[in-house]
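Asker: Fold the stuff below for me.
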Amino acid sequence: MSHDSQKSNINTTRNIGIIAHIDAGKTTTTERMLYYSGYIRRIGNVDDGSTVTDFLPAERARGITIQSAAVTFHWPPVGEDTYAKENGPRSHISHTINLIDTPGHADFTFEVLRSLRILDGAICILDGVAGVEAQTEKVWAQANKYSIPRIAFVNKLDRDGAAFGRTVKEIGSRLRGWPAVCQIPWWEGGTGHFTGVGDAISLCALKWREGSDGKSIMHFTLEELVQEDPTLRSELIKARAALVEVLCEYDEYLLEMWLECNDDSLAISADAIRDSLRRCVIDGSGKLIPVFAGASFRNIGVQPLLDAVNDLLPNPLDRPDAEVSLGTLSGRLSDLLDGKMAINTAQPRNLIKKIFTPKSLISHLEACALAFKVVNDAKRGVLVYVRVYSGAINRNAPLWNTNLHVTERAQRLLQMYASDAVEIWSIPAGQIGVIAGLKHARTGDTLISYTGGNPKNGPPPPLNTLQLRPIDVPPAVFFVAIEPHSLSEEKNVLDILQILLREDPSLHFNIDEDSGQMLLSGMGELHLEIARDRLVNDFKAKATMGNIEISYRESVLSETSPHRVLFDKEVAGKKGKAACEATARLLDEMQIESNYIAFHEGNAITTHILTSANDDGLEGGPSLFSELPISTIRTALINGAIAALARGPRRAFPLHSTHILLKFDPSTDIFGSDTSPTALSSAARLAVQAALREAFELNNICLMEPVMNVVISCDESSLGSIIHDLSSARGGHVLSLDNDSNTETTASELVPIDPKRIYVPPDPFESSSGALSSGPGLQQIDIAFDIHDEPIKPMPAADKSLYIGLRKPAHGKVGEDGEDREDGYNEARIRQKKAKALDDRRGFDRIASGVTRRFTYKDFKDYRRESI
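Answerer: Coordinates of the predicted model:
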């Protein structure tokens, strides 16, 4: 393939994704796109489980998208004329569209994250009835993180209660981007059912016959609308004027053209408006959002949406070049290929066989790609989805994994069509494809094809460390235990879990040190339920999934008296003798003064070694004996204390929030050559255990029970009912009300938009109670459960974030009313992140003598402390 033809193919390529809240119509819209492009001959239905992209049995049974599906098609169809030929130069040129249909449920947010990482554009679909929902804001924030150019599609306008105007205003107030209304709904007779759209760009109206498959579209110009629908014509002229005014605020080129036309918005050509929209959208800032209308289930508005993909969204060359790193050096991939990065080609002398200059080193780089997804297919084996950023990956080419430093061969290359695949010979730059048969590649790995390199050692340094920007994996928030039915089945379960974890890095697996349970963690209950179904049904593992066992902790409530213990015993056939003095007390960081302190598992260990006046006792100072430097003595004492803190005197649970003070006097505690590090550790362990036994006998040992933190996001209208529900049913206590500070989007940097300034066409069915009543910058409120030191105080109503202390049951379970409330039908639009006993943001309070305190510690495992 020549360079010109390859560049032409990239110019007509669109790598896009569909993002939205659950049940907004993503899969339904994708199905119509495939039908109108000629990829399928009949339209599938989500409810019937017959769609192309929802092909997993679990997806068809539940009616939701669980994993992202990639499909490639052409729009307009190759060799076919479409009504859009006259609308613009890009619309009537057939484009290759690589489409990824992403899940909408919050439990599968990692599928959206890794898809956005390699996309060039996105369509955000909104439910015309529900408007901007919780997960809509979440995926919009994720798209802002990667600066993905986006357009919005207001779907389901055929349903009762649909309000296009209210949804557009919510786009401005909650997504903080200015809505550029490119299409307005066409209601039959102005108040009837939804029949088509008015195109403010081309100044025409498109009407679909009710009950048809949507391929036949009636086209009306402004002149024809005088007889067909004069009301729509007048509103369409208003929409064009509002669209031009919005674009003039962001695009100087269109502003100059508008001034040349004497402020006549109708005199500006449709191509000029499309080019202006493209310039405003292509940077991915989200400051301006083109809005389109339709009803995918009724086959209305999908073809104009595909035209907008070709006209407004970028090709791979329009996007900023990929970020790369070479060790400590970072830059753009194009700078590396052009020789603008100052790379160091020096190599160890024992490896030098050929001298490489930076230019010759880069000239051998044939391809660079990012693996963004791994799927274990029952028929085809392991499939690795890749996005190629430079060059082309050819069949049977050796690929060097710069993360794992292994070479694998691309034996088969595939172009995926959801669950179907077609073998291809190469994957060129800008395209998305699949490599079959890679044994080691994981999500986020960088794969490069390099000629002339050693297959074992890979490319010469530093090219063997070349890495594209990785994919961030969110932390787990939900935990379950996996119990194999027998010991013989345990290894099989572990092997299957490794397969699942390779496919989905948002799943995490570990073995609890305290209980010995196999713990699987993920993004939510549904996420882990799907993992269990795959474990049991697909891989036939004999295991069950249940609740995790809670590990309690013990702690000291008050300071003990000093306990000096002499250790005199043979250790490994050698006589050992040493002494040490220990005191245990409650950990209070304000009282820690010594420089010789070690922190371990939430405990503090202070060592005080008495030295002579000429010896300051610092690390590296004079040794007491040639065999026992002070650093060795201190390490041995700390190890002994750690061993004693591993089992408490009350229930043999590990100690926590305990401060151990070890006092060591060399003049009385060292016994010549009999004193060894092992003897010192044993003496410290016995001394600490003696101090803990005294605390237990005096009833000064308490048990600590795990608690959890919960973050809930809701709108202001639902705040009162949620507070009442949590405080009455779960015993929560409101401690503060604050602004949300955990927003992961750059949208907060955009200027808040007053919904009253946004142009919207009149909604014939919108009630006055459903209108947007809030001012600019409407945001959801974050409710966080937390324990705090200060007394409970009433907070002003203007604050935006609510912190609640929630007492967790001793068995570690959460009641039904504490379960995740996020679903597609939740009017309050609550986003609840919940964590069970192992959440890394937990806190605990101590209830003793009527005082409530908060504690945090190094590994962020927090526990409630109760006197027993």
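Asker: My guess is L203 contacts S269. True?
Answerer: No: the pair L203 and S269 does not pass the contact test of CB atoms under 8 Å, sitting 10.1 Å apart. The C-beta positions use only the backbone N, C-alpha and C, and glycine is treated the same way.
Asker: For these two, work out which one has more neighbours and name it.
Answerer: Higher neighbour count among L203 and S269: L203, with 19 against 13, using other CB atoms under 10 Å.
Asker: Show me where the stretch 351-500 of the chain has its helices.
Answerer: 358-363, 487-503 (DSSP state H, counting those that start in this stretch).
Asker: With the stretch 151-300 of the chain instead?
Answerer: Going by DSSP H, counting those that start in this stretch, the stretch 151-300 of the chain shows helices at 164-174, 222-228, 230-250, 252-260, 270-281.
Asker: Check the stretch 501-650 of the chain too.
Answerer: Going by DSSP H, counting those that start in this stretch, the stretch 501-650 of the chain shows helices at 525-533, 630-645.
Asker: Any chance of those in TSV with mean pLDDT as columns?
Answerer: Below are these laid out as TSV (pLDDT from 0 to 100):
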stretch	mean pLDDT
helix 525-533	91
helix 630-645	92
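Asker: Out of those helices, indicate the one that is most buried.
Answerer: helix 630-645 (a mean of 22; mean count of other CB atoms under 10 Å).
Asker: and stretch 299-317, C-alpha only, in CSV?
Answerer: Written as CSV, here are the backbone C-alpha positions of stretch 299-317 (Å, rounded to 0.1, in the frame of the first residue of the first chain):
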residue,chain,number,x,y,z
ASN,A,299,-35.6,4.1,13.7
ILE,A,300,-35.6,7.9,13.7
GLY,A,301,-32.5,10.1,13.6
VAL,A,302,-29.7,7.5,13.3
GLN,A,303,-28.6,8.2,9.7
PRO,A,304,-28.0,12.0,10.4
LEU,A,305,-26.1,10.9,13.5
LEU,A,306,-23.8,8.8,11.4
ASP,A,307,-23.3,11.8,9.0
ALA,A,308,-22.3,13.9,12.1
VAL,A,309,-19.7,11.2,13.0
ASN,A,310,-18.1,11.7,9.6
ASP,A,311,-18.5,15.5,9.6
LEU,A,312,-17.6,16.4,13.1
LEU,A,313,-15.5,13.8,14.8
PRO,A,314,-11.8,13.5,14.1
ASN,A,315,-9.8,10.9,12.2
PRO,A,316,-6.6,9.5,13.8
LEU,A,317,-4.4,12.2,12.2
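Asker: what is the mean pLDDT for it?
Answerer: Averaging pLDDT along stretch 299-317 yields 95.
Asker: If we go by neighbour counts, what in it is buried?
Answerer: Within stretch 299-317, the residues that count as buried by 16 or more other CB atoms under 10 Å are 299-316.
Asker: Which members of these are positioned in helices?
Answerer: 302-312 (DSSP state H).
Asker: quick one on the thing from earlier: turn the helices of the stretch 351-500 of the chain into TSV, columns for mean pLDDT, distance to E716 and mean neighbour count.
Answerer: Below are those laid out as TSV (pLDDT from 0 to 100; distance: least, CB to CB, whole Å; neighbours: other CB atoms under 10 Å):
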stretch	mean pLDDT	distance to E716	mean neighbour count
helix 358-363	78	56	15
helix 487-503	92	40	15
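Asker: Can you lay out those helices as JSON lines showing distance to A163?
Answerer: Shown next, in JSON lines, are those (distance: least, CB to CB, whole Å):
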{"stretch": "helix 358-363", "distance to A163": "55"}
{"stretch": "helix 487-503", "distance to A163": "40"}
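Asker: Distance check, the residue lying farthest from the centre of the chain against G640.
Answerer: Most distant from the centre of the chain: G672, at 59.5 Å, with distances by CA atoms, centre = their mean. Using CB to CB, to the nearest Å, G672 is found at 20 Å from G640.
Asker: I427 reaches I393, doesn't it?
Answerer: Yes: I427 lies in contact with I393 (CB under 8 Å); the separation is 4.6 Å.
Asker: Now V422: closest residue in space that isn't a chain neighbour?
Answerer: Q415 (4.9 Å; CB to CB, 6 or more residues apart in numbering).
Asker: Contacts only, for the one you found.
Answerer: 72, 421-424, 433-434 (CB atoms under 8 Å, 6 or more residues apart in numbering).
Asker: count of residues packed around the nearest residue to D533 once chain neighbours are set aside?
Answerer: Excluding the flanking residues, the one nearest D533 by CB to CB, 6+ apart is A58, at 5.9 Å. Other residues near A58 come to 16 when the count uses other CB under 10 Å.
Asker: per-residue pLDDT, A58?
Answerer: Reported pLDDT for A58: 85.
Asker: next SSE after whichever strand or helix holds it?
Answerer: Assigned by DSSP states H and E, A58 falls within helix 57-62. Sequence order places strand 69-75 as the next helix or strand after helix 57-62, per DSSP H and E.
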